[in-house]
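> Have a look; sequence and predicted model below, questions after that.
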Amino acid sequence: MSNPQAVIWADKLSKHFGEFVAVNQISFSVQKGEIFGFLGANGAGKTTAMRMLCGLLLPTSGSAAIAGYDVYTQTEQIKQNIGYMSQRFSLYEDLTVAENIRFFGGIYGLPDKQLKLKTDELLHTLQLHTEAKTLVSALPLGWKQKLAFSVAILHEPAIVFLDEPTGGVDPITRRQFWDLIYAAAQQGITLFVTTHYMDEAEYCNRICMLVDGEIKALDTPANLKKQHQAQTMDDVFYHLARTAKRTAD
Amino acid sequence: MRALKFLLQKEFRQIFRNTTILRVILIMPVIQLIIMPLAADYEIKNINISVVDHDHSAYSRQLTDKILAPGYFKLNDYGTSYPNAFGQFQKDRSDLILEIPAQFEKTLVKENQANLFMAVNAINGVKALVGSAYLNRIIADFNAQIRANWIPNPQTGTLPQIEIATLNRFNPTLNYPFFMVPGILVVLVTMVGVYMCSLNIVKEKEVGTIEQINVTPIKKYHFILGKLIPFWVIGMFVFSLGLFGVARLLYLIVPTGSLVALYGFLAVYLVAVLGIGLLISTYSANQQQAMSLAFFCMMIFMLMSGLFTPINSMPNWAQVIAKLNPVTYFIEVTRMIVLKGSSFAHIQQQLLVISAMAVFFNTWAIWNYRKTS
């Protein structure tokens, strides 16, 4: 089922921490421009799986490639081609909005002219023009998250990994956040999103359900609901997550 | 190299924006350099003495006067009861008891010799040692005086004496701060380097921004240079502030040797010290761990560096530790250049060792810093 031509493909990818199997032989592939949802309860292994795909964590066994680069040997090439937004807010709070954009654009190697252009464009899209010189620490969380996402795609990566990007964000801002995600997908960027908001799951092209480190379901939201004879993704989630043996933390 | 430019820009912005840290970096060493040399003075003054005089003769009074004259000793009490004097000892009011026996003068005149008894409160070893040495010397002087008075004709006298002429080089007035200030300055610069560097990186770990850095294609050595260079500049500045500010204006210490050699050594030394800071940060998950580890290292660096005690008088195993301590070399070099007027030619060996340490600690730190765990 794994197709090496896909933007992301993983084959029997596992991560063990001592005796504990955090991720157990997961296999899947993601096509270019797809919005791929990665669902699971807390502690199901979502973040671990994502960290392996980003080249932050070496897998214990199995194989995977991101944009054609191997997760064991080509982690630095992977990093050139991806954007990443972690669970924790990860811009510099003691730098201004404009300084953060400039810094992250700069270390991805954007030339000065493009850096300036991109900064203006981004501030315009996010309607943050008046806040360019505001310290990021002074922004509301929802704005921070939108800014972090925009910074993650500043260098036009092939793939963006988003680890629970909307945690703690109000519904309206979440909606706006998903508009940004759709816009990015339109540009041909592949999006890999973990979440446990089931309404967000509905926005994804395909969904992968992770239970106790294993893939329990992988299909479009519509097909999953049909298979489990459920009205909403919530019901699908309960149905699958009930089988979990691991206690959520 | 372009990435490095952005890293440096970011780092300097963050440092200058954090005014609390900036003040700590600049003001703390200055205050410490003003205060610490005053405390680290080994010249012992104000030794409290109890005199128990059972004799009450002209000689016993002369001796007491002679002891008190130079000002090192302060008469705590003068009495005739040893237990009373010992009571003062126990209350820690007195450091020394000199007991002059009854018939002291008579015995001395008649039998040509007499005994004195000295008891020393040895809880503070240095004070006890120095105090009893002073007292012994004063008594020996007193003895010589008496003998000189008794022997009518000094030319034919039986007083063989060796006079030693001492010339104090490099610090002619035996000024203690001359010796201590350069050493303390070195320790302060080391502290600023190790603490600031390690805490800065660990803070990025705590906040989570380091993960964002690790997921970029940034080169490891770029990231590390981006951290080293700002603190290297700060280290240079703090050292200059101490040397040309506090040491020169307050303690009137003017470096007599080659400033080029001093700054050349400092440049390499800071790389070594910041490498230690980096290394600490790669082994710590949070600022608390980094702080404890840095404190542990600093204590050993400080006490095993020859700052307070000469390395030659340490046991062999301790001398090995002192030789592995970068602070040892810089204190040695700073004292050599500032006080003795040494130049590049004299510090070559130390420079070689510190260069090796700089390479060693930084290589270890870069090796241990993992972008992919």
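That came through fine.

> Could you tell me which helix of chain A is the longest one?
Identified as the longest helix of chain A according to DSSP state H is helix A:171-186.

> Show the contacting residues for A:Pro165.
Taking C-beta atoms under 8 Å, 6 or more residues apart in numbering or on different chains as the contact definition, A:Pro165 lies against A:Met85, A:Gln145, A:Ala148, A:Phe149, A:Phe177, A:Val193, A:Thr195. (C-beta placed from N, C-alpha, C; glycine too.)

> farthest-separated two in the residues you listed?
Greatest spatial distance among the contacts of A:Pro165 (C-beta to C-beta): A:Ala148 and A:Thr195, at 15.3 Å.

> hmm, back to that, which one among the contacts of A:Pro165 gets closest to B:Asp65?
Here the nearest of the contacts of A:Pro165 to B:Asp65, counting by C-beta to C-beta, is A:Ala148; it sits at 82.3 Å.

> On the three-state scheme, that closest one is what?
Secondary structure, DSSP: H, G, I helix; E, B strand; the rest coil: A:Ala148 is helix.

> cool, B:Ala285 as well?
Per three-state DSSP, the secondary structure class of B:Ala285 is coil.

> hang on, the earlier thing: what helices or strands is the longest helix of chain A leaning on?
Using 3 or more C-beta pairs under 8 Å, 6 or more residues apart in numbering or on different chains; DSSP states H and E, the elements in contact with helix A:171-186 are strand A:35-40, helix A:141-152, strand A:190-195.

> hmm, 10 Å instead?
Here helix A:171-186 touches strand A:35-40, helix A:141-152, strand A:159-163, strand A:190-195, helix A:198-201, going by 3 or more C-beta pairs under 10 Å, 6 or more residues apart in numbering or on different chains; DSSP states H and E.

> residues making contact with it?
Here helix A:171-186 makes contact (C-beta atoms under 10 Å, 6 or more residues apart in numbering or on different chains) with A:32-35, A:83, A:125-126, A:140-143, A:145-146, A:149-150, A:152-153, A:156-157, A:160, A:162, A:165-170, A:189-191, A:193, A:195, A:197, A:199-200, A:203-205.

> run the last query once more with 8 Å
The contact list for helix A:171-186 (C-beta under 8 Å, 6+ apart) reads A:33-35, A:125, A:142-143, A:145-146, A:149-150, A:153, A:160, A:162, A:165-166, A:169, A:191, A:193, A:197, A:200, A:203.

> now do stretch A:236-249
For stretch A:236-249, contacts defined as C-beta under 8 Å, 6+ apart pick out A:39-44, A:198, A:201, A:209, A:211-212, A:216-217, A:224-225, A:228, A:230.

> Apply 10 Å and report the result again.
Stretch A:236-249 has contacts (C-beta under 10 Å, 6+ apart) with A:20, A:22, A:39-45, A:196, A:198, A:201, A:207, A:209-214, A:216-217, A:219, A:221, A:224-230, A:232.

> For stretch A:51-66, buried residues please.
The neighbour-count check on stretch A:51-66 (16 or more other C-beta atoms under 10 Å in any protein chain shown) flags A:51-57, A:59, A:62-66 as buried.

> picking up where we left off before, so which of the contacts of A:Pro165 comes closest to B:Ile184?
A:Ala148 (45.6 Å).

> OK, contacts around residue 234?
If you meant another chain, say so; for now it's chain A. A:Tyr197, A:Met198, A:Asp199, A:Ala201, A:Glu202.

> Oops, wrong one, chain B.
B:Phe12, B:Ile15, B:Leu22, B:Ile25, B:Leu26, B:Val189, B:Val192, B:Gly193, B:Met196, B:Cys197, B:Leu270, B:Leu274.

> Surely A:Ala22 and A:Thr48 touch.
Yes - with contact taken as C-beta atoms under 10 Å, A:Ala22 and A:Thr48 are classed as touching, separated by 4.4 Å.

> what sits in contact with each of those two?
A:Ser14, A:Lys15, A:Leu57, A:Gly213.

> Compute the number of surrounding residues for the residue nearest to B:Leu68 when sequence neighbours are not counted.
In this structure, B:Leu68 finds its nearest non-sequential neighbour in B:Leu75, 5.7 Å apart by C-beta to C-beta, 6 or more residues apart in numbering or on different chains. Neighbour count for B:Leu75, taken as other C-beta atoms under 10 Å in any protein chain shown: 13.

> before we move on, what SS does B:Leu75 have?
Recorded secondary structure, B:Leu75: strand (three-state DSSP).

> Could you check the pLDDT of it?
You'll see B:Leu75 listed with a pLDDT of 90.

> Beta-bridge partners for it, please?
B:Leu75 has these beta-bridge partners by DSSP bridges: B:Ile49.

> show me where the stretch 1-150 of chain B has strands.
Listed in chain order, the strands of the stretch 1-150 of chain B (DSSP state E, counting those that start in this stretch) span B:47-53, B:73-79, B:96-100, B:117-120.

> Adjacent strands (with direction) for the shortest one?
So the one you mean is strand B:117-120. Partners of strand B:117-120, by DSSP bridges, with direction: strand B:96-100 (antiparallel).

> Buried ones in the partner strand, by neighbour count?
Quick answer for strand B:96-100 (16+ other C-beta under 10 Å): B:Leu96, B:Ile97, B:Leu98, B:Glu99, B:Ile100.

> closest to chain A among those residues?
B:Leu96 (59.0 Å; C-beta to the nearest C-beta).

> Chain A: helices as residue ranges?
Secondary structure of chain A (DSSP H): helices at A:46-53, A:75-81, A:97-107, A:112-125, A:141-152, A:171-186, A:198-201, A:221-227, A:233-241.

> Export those as a markdown table, with columns for mean pLDDT.
Formatted as a markdown table, these follow (pLDDT from 0 to 100):
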| stretch | mean pLDDT |
| --- | --- |
| helix A:46-53 | 91 |
| helix A:75-81 | 90 |
| helix A:97-107 | 93 |
| helix A:112-125 | 91 |
| helix A:141-152 | 90 |
| helix A:171-186 | 91 |
| helix A:198-201 | 84 |
| helix A:221-227 | 87 |
| helix A:233-241 | 82 |
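
> from these, which stretch is densest packed?
Sort these by mean neighbour count, taking mean count of other C-beta atoms under 10 Å in any protein chain shown, and helix A:46-53 sits at the top with a mean of 24.

> who are the neighbours of that helix, in terms of helices and strands?
Helix A:46-53 packs on strand A:8-17, strand A:20-30, strand A:35-40, strand A:61-66, strand A:82-85, strand A:159-163, strand A:190-195, strand A:206-211, going by 3+ C-beta pairs under 10 Å, 6+ apart.

> swap the cut-off to 8 Å and go again
Contact analysis of helix A:46-53 by 3+ C-beta pairs under 8 Å, 6+ apart lists strand A:8-17, strand A:20-30, strand A:35-40, strand A:61-66, strand A:159-163, strand A:190-195 as its packing neighbours.

> Indicate which one of those is closest to B:Val30.
Closest among the helices and strands packed on helix A:46-53, using C-beta to C-beta: strand A:159-163, at 45.6 Å.

> how big is the angle separating that closest one from strand A:35-40?
30 degrees (axes from the mean of the first three to the mean of the last three C-alpha atoms, to 10 degrees).

> Put the alpha carbons of strand A:159-163 into CSV.
Extracted C-alpha coordinates of strand A:159-163, given in CSV (Å, rounded to 0.1, in the frame of the first residue of the first chain):
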residue,chain,number,x,y,z
ILE,A,159,5.0,19.6,3.5
VAL,A,160,3.9,21.2,6.7
PHE,A,161,3.6,19.3,9.9
LEU,A,162,1.2,20.8,12.4
ASP,A,163,1.1,19.3,15.9
